[in-house]
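>>> Structure, please.
(3 chains)
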Amino acid sequence: MTTNKGNIILSDVSKIYSNGTVGLEDINLTFNHGEFVMIVGLSGSGKSTLLRAINRLHDVSTGTILINGEDITNASGNKLHKLRRSVAMIFQNYNLVKTSSVYRNVMSGRVGYYPAWKSAFGIFTKEDKAMAVANLKRVNLLDKYYVKAKDLSGGQQQRVGIARAMMQEPSVILADEPVSGLDPKTTKLVMNDLKRLNEEDGITIVLNVHSIGLALKYASRIVGLKNGRIVYDKFIEDVDKRDFKEIYREAGDLSDNGEADDEPNNP
Amino acid sequence: MITRKRSLYQHIRPYLVVTLAMVIIAWAFSGIQFTGIKDSAGQILGAILSGLCHPDWSFVYSGHGEDLTSALLETLAIAFLGTIVSAIIAVPFAFWAAKVTKGFSLRSTTGKLILTIIRVFPELVLAIMFIKAVGPGAFAGVLAMGVHSIGMMGKLFSEGIENLNRGPEEAVIAAGGSRIDTLNWATLPAMVPEFINYTLYRFEIAVRSASILGIVGAGGVGAPLIFALSTRWWSRVGIILIGIIVMVTVIDWVSGAIRQNLLK
Amino acid sequence: MNQTIPKRPFIKEWHVKGYIIFLLLNFALILSARITEVGQDFSSEQFFDLFVKMAHPDWSFLPSIITPLLQTVQMAIVGTVIGGLIAIPVALLAAKNIVRNPFVRFTVRFIMNLIRSIPEMLLAALFVAVVGIGVLSGVGALSVFSFGMMFKLLYEAIETIDQGPIEAMRAAGGNHTQIVVFAVIPQVLNQYLSFVLYTLEINVRSSAVLGYLGAGGIGLYLNTTLETFRYDRTAVVILGILVVVILVDVLSNKTREALS
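This next block holds a predicted model:
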């Protein structure tokens, strides 16, 4: 397992919805350990479906998805839970329990490591409680430990989401439009947090964005999706900014400005 | 200016609807005979009003249980027990009846059906049925109130579950949580404040209903009221009415304050 | 990076409030159970005997309950209409953005709160005592109940309307009647109609039992069949009520959807 840690291999993945809509078509992708992949595409291009398929929040119609060398598409029960555990997810709407404290929300990322009855009664090891503290420290929110999630700003909620994801000790983090509701300054904070996890902990990050500017700034590799197909896949060294004009012209949108473009990247 | 041509039907539809409503209302009024008021109506109304102004204060507390205070306490006890116990029982029913997936669900449909059947039985009828089983008294009232409340709260709770944001559940699933984890860490924590809110709301209604259960002999303040009404003991009718109004008002006020605090 | 977990006061750290509430709730439950003498012998035989009888409905009774069922609906409609109409002027008097005089507003609200605190079955008992046994008592009780309910829904709706049109009318020198007719009514009309339908749904349910006290409608048949131990007929009555309630709910829901 260690040799494959942080690798994701999608082979011939297609997703056709019951009403006939094609969500994904013939996706073949290999994400390697430590990559920071940004998936760009218009809404409806299938990028959200792709991320959700990797964690099997959505089932695919055909094809296989290997996580750390193991197939998640036909896993079930404990094996599925364990595979999901190694792939953390960060959501556009943060998906915190609004009426629960920050601590409980962060701890909920750890439930995959405990039998249900233990986590239900809040029986966690000292180490795991310390880990929650450490992860909250990393996103600079330890002072909000007891605060209810609904009393946090959007950016703070998303950083709680990151701390929760870290509780899984994941080898991969999937982030579905994690900054789309945030202002440029908060976007930068969240993106820098993710970048640090990628660089310091070697976690593979696969992230959906609207903004090509953001992708150019943070990604080590950019994948373009259109109508469920891969139309672009290059490492950042090979990327030409003009490449994307095509994709965005079709939507009549050239206004992409990459929220934090003007400042140099210093993670 | 752009004017869209409307079909004849669209033109006359408002008039049709109004006419239909008028016909229905006319039909309804035609079925009610607005005559036949008792000759003594004015006199009795006067007597009740004077009873309200000169209530029988001695009935408030007598010290041996046959007074307004104990009748009101019994009413509150029926409402409280009935509501709390059925709130707990209603939770599994609510999960049974909640429809969280698109399309037909046998589980949800049967659950909803059962809750509907429970709700159909008016509390008074339930009370009579339970009196058969346990004899007259407040216990029968508690059972009637409890069963009816399961139907009401099961419905409210299940709608609450249906309207719940599914995001946090998804997050727990994505973290490798089992179904039980999802319930413990996402669904229940988000639902509990809503459940409490609905329960308090139901309690407000239950207090009102419990005050009439006595009419059929199922305990509470209803029995002395009916007795006072039938014996034309107006000063006593007055004090009982005042008692009920004060009780309901206080409960509404307290419950409302808690609910406001809760949803903040 | 020298953050630590924030300190919480003792009361919060040990969830003192939670435990106290839990204890109080249990205490109240035990007290209630003692007051209501919970735990008497439950004669399931008697109870299920009733169910068994109800499971064999006497369908021949059906024709004789059609008229009272319809009468129940009529009572509910009339009560809703009367209560709904009277509620309009009174709700205007209680709305902050219409009546500036706080004394008037609070007096109206106080009286209305008192009226709303009387359970409708109690209203029915009072009406039967005053007016006499019959449909009219039921209509009276439902009217007063609808009045209270419509009042509350309506004045809250009026208070949340857009102030702009009202101010425009005031600036144009409109009097009170003109303001209400041109600035308030158009804004709340749809909501008002939807409230009327909602109240009607509730009234249909309650008018079905009002007859138990002699206030007209199908409830009388609940009473008589139960008292003569004809549970097979009670079942028919309850099913009849169920059908009517569902029909009215469905029609009313469809109309309300069309309104919004």
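>>> first vs last residue of stretch B:60-79, how far apart are they?
20 Å (C-alpha to C-alpha, to the nearest Å).
>>> Identify the residues contacting that stretch?
B:59, B:138, B:141-142, B:145, B:203, B:206-207, B:209-211, B:213-214, B:218-224, B:239-240, B:243-244, B:247, B:251, C:31-33, C:35-36 (C-beta atoms under 8 Å, 6 or more residues apart in numbering or on different chains). Any C-beta I mention is one placed from the backbone N, CA and C, and that applies to glycine too.
>>> how about the particular helix or strand that has residue B:84 in it: buried residues?
Using DSSP states H and E, residue B:84 sits in helix B:68-97. Within helix B:68-97, the residues that count as buried by 16 or more other C-beta atoms under 10 Å in any protein chain shown are B:68, B:70-87, B:89-91, B:93-97.
>>> In the stretch 151-264 of chain B, mark out all the helices, start to finish.
Secondary structure of the stretch 151-264 of chain B (DSSP state H, counting those that start in this stretch): helices at B:167-174, B:179-182, B:188-210, B:222-230, B:234-263.
>>> my guess is residue C:151 meets residue C:112, correct?
Yes. When contacts are counted by C-beta atoms under 8 Å, residue C:151 is listed as touching residue C:112 (5.3 Å).
>>> Identify the contacts common to these two.
C:90, C:94.
>>> In terms of neighbours, single out the busier of these two.
residue C:151 (25 against 20; other C-beta atoms under 10 Å in any protein chain shown).
>>> what residues does the stretch 101-250 of chain B put near chain A?
B:165, B:167-168, B:170-178, B:180-181, B:184-186, B:189-190, B:192-193 (C-beta under 8 Å from any C-beta of the partner chain).
>>> Let's see that with 6 Å instead.
B:167-168, B:171-172, B:174-178, B:180-181, B:184-186, B:189-190, B:193 (C-beta under 6 Å from any C-beta of the partner chain).
>>> How about the most centrally placed residue in chain B: what's its closest non-neighbour residue?
With distances taken as C-alpha atoms, centre = their mean, the residue of chain B nearest its centroid is residue B:205 (4.0 Å). Nearest residue to residue B:205, sequence neighbours excluded (C-beta to C-beta, 6 or more residues apart in numbering or on different chains): residue B:152, at 7.8 Å.
>>> Tell me how many other residues surround residue 153.
Went with chain A since none was named. Residues near residue A:153, counting by other C-beta under 10 Å, number 11.
>>> was after chain C, sorry
Using other C-beta under 10 Å: residue C:153 sits among 20 other residues.
>>> Restricted to buried residues, select the contacts of stretch B:60-79 in PyMOL.
The PyMOL selection below is limited to those of the contacts of stretch B:60-79 classed as buried (16+ other C-beta under 10 Å):
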select buried, (chain B and resi 59+138+141+142+145+203+206+207+209+210+211+213+214+218+219+220+221+222+223+224+239+240+243+244+247+251) or (chain C and resi 32+33+35+36)
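>>> any idea where the helices of chain C begin and end?
Applying DSSP state H to chain C gives helices spanning C:10-13, C:16-35, C:44-54, C:62-94, C:102-116, C:120-131, C:135-159, C:164-171, C:176-179, C:185-210, C:219-227, C:231-259.
>>> Quickly check: the first one near chain A or not.
This points to helix C:10-13. No. Applying C-beta under 6 Å from any C-beta, one finds helix C:10-13 out of contact with chain A, separated by at least 7.6 Å.
>>> Now do whichever residue of chain B sits closest to chain A, the pLDDT please.
As assessed by C-beta to the nearest C-beta, chain A sits closest to residue B:176 within chain B, at 2.8 Å. Here the pLDDT value assigned to residue B:176 is 90.
>>> Please name the nearest non-neighbouring residue to it.
residue A:112 (2.8 Å).
>>> give me the number of residues near that neighbour?
Residue A:112, neighbours per other C-beta under 10 Å, totals 26.
>>> which residues does it contact?
Taking C-beta atoms under 6 Å, 6 or more residues apart in numbering or on different chains as the criterion, residue A:112 is in contact with A:81, A:85, B:175, B:176, B:177.
>>> Now do the residue lying closest to the last one once chain neighbours are set aside, the pLDDT please.
The shortest distance from residue B:177 to any residue that is not its chain neighbour, by C-beta to C-beta, 6+ apart, is 4.4 Å, and that residue is residue A:111. In the predicted model, residue A:111 carries a pLDDT score of 91.
>>> pretty sure residue A:111 is touching residue B:182, no?
No. With contact defined as C-beta atoms under 6 Å, residue A:111 does not count as touching residue B:182 (8.8 Å).
>>> which element follows the helix or strand where residue A:49 lies toward the C-terminus?
Residue A:49 is part of helix A:47-54, with elements assigned from DSSP H and E. Downstream of helix A:47-54, the first helix or strand assigned by DSSP H and E is strand A:62-67.
>>> buried set for that next one?
A:63, A:65, A:66, A:67.
>>> any idea how far the nearest residue to the last one once chain neighbours are set aside is from residue A:4?
Yep, that's residue A:67 we're talking about. Distance criterion C-beta to C-beta, 6+ apart; nearest residue to residue A:67, sequence neighbours excluded, is residue A:83 at 5.3 Å. The spacing between residue A:83 and residue A:4, counted by C-beta to C-beta, to the nearest Å, is 12 Å.
>>> okay, the two: which has more neighbours?
residue A:83 (21 against 16).
>>> OK, contacts around the more buried one?
Shown in contact with residue A:83 (C-beta under 6 Å, 6+ apart): A:67, A:72, A:75.
>>> give me the element it is part of.
Residue A:83 is part of helix A:77-85, with elements assigned from DSSP H and E.
>>> cool, residue A:75 as well?
For residue A:75, there is no enclosing helix or strand under DSSP H and E.
>>> Residue A:194 now?
Going by DSSP H and E, residue A:194 is in helix A:184-201.
>>> for the residue in the stretch 101-250 of chain A that chain B sits nearest to, phi and psi?
Closest residue of the stretch 101-250 of chain A to chain B, C-beta to the nearest C-beta: residue A:112 (2.8 Å). Main-chain dihedrals, residue A:112, degrees, to the nearest 10: phi -60, psi -20.
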